[in-house]
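In: just to be clear, the model below is a prediction. Sequence and coordinates:
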Amino acid sequence: QLQLVESGGGLVQPGGSLRLSCAASGFTLDRHNIGWFRQAPGMEREGVLCITSGGGTTNFADSVKGRFTISRDNAKNTVYLQMNSLKPEDTAVYYCAVSGDWYCSGDVSSYNYWGQGTQVTVSS
């Protein structure tokens, strides 16, 4: 059974950091492009970052440039989202997903498998 499980979310103060993990089971991530998305209450799901099977990265959200990075550890079958200098506007449920395209797309319809999401709340 193909499954993605996100973890690492929680409550953090503004300026703090979190590292989210996206662990796969039932398949290997190293052959796939993996995206991180987020969805705030009342908002559409938006692309954050994507990493290709070759390790190239694409940033979809100008608001996270210089603060968020994406990486992968193929040995652990896991993709990470490192989030630094967090702001209240980063509050959202964060999802990882497997792309069905050969390139990294910010379009949610390009992703076939999704995790259940992990809540990130940035508040003092």
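Out: Arrived safely. Numbers count the residues shown, from 1 in each chain.
In: now name the helix or strand holding the spatially most central residue of the chain.
Out: The residue at the geometric middle of the chain, judged as the C-alpha nearest the mean C-alpha position with C-alpha atoms, centre = their mean, is W36 (2.4 Å). For W36, the enclosing helix or strand under DSSP states H and E is strand 34-39.
In: quickly run through the sheet partners of the very next helix or strand once past that strand, with directions.
Out: Where DSSP H and E defines the elements, the next helix or strand beyond strand 34-39 is strand 46-51. Each strand paired with strand 46-51, and its direction, by DSSP bridges: strand 34-39 (antiparallel), strand 57-59 (antiparallel).
In: off-centre distance for strand 46-51?
Out: Relative to its chain's centre, strand 46-51 lies at 6 Å (C-alpha atoms, centre = their mean, to the nearest Å).
In: again, but for stretch 116-124
Out: 12 Å.
In: other residues contacting it?
Out: 5-14, 16, 18, 20, 38-39, 83, 86-95 (C-beta atoms under 8 Å, 6 or more residues apart in numbering). Glycine gets a C-beta too; all of them are placed from N, C-alpha and C.
In: from those residues, which land in helices?
Out: Secondary-structure check on these using DSSP state H: no residue lies within helices.
In: ranges for the strands of this protein?
Out: Listed in chain order, the strands found in the chain under DSSP state E are 3-7, 10-12, 18-25, 34-39, 46-51, 57-59, 68-73, 78-83, 92-99, 111-114, 118-122.
In: before we move on, back to that, any idea which of the strands paired with strand 46-51 gets closest to D73?
Out: For the strands paired with strand 46-51, distance to D73 was read as C-beta to C-beta. The smallest value, 11.7 Å, belongs to strand 34-39.
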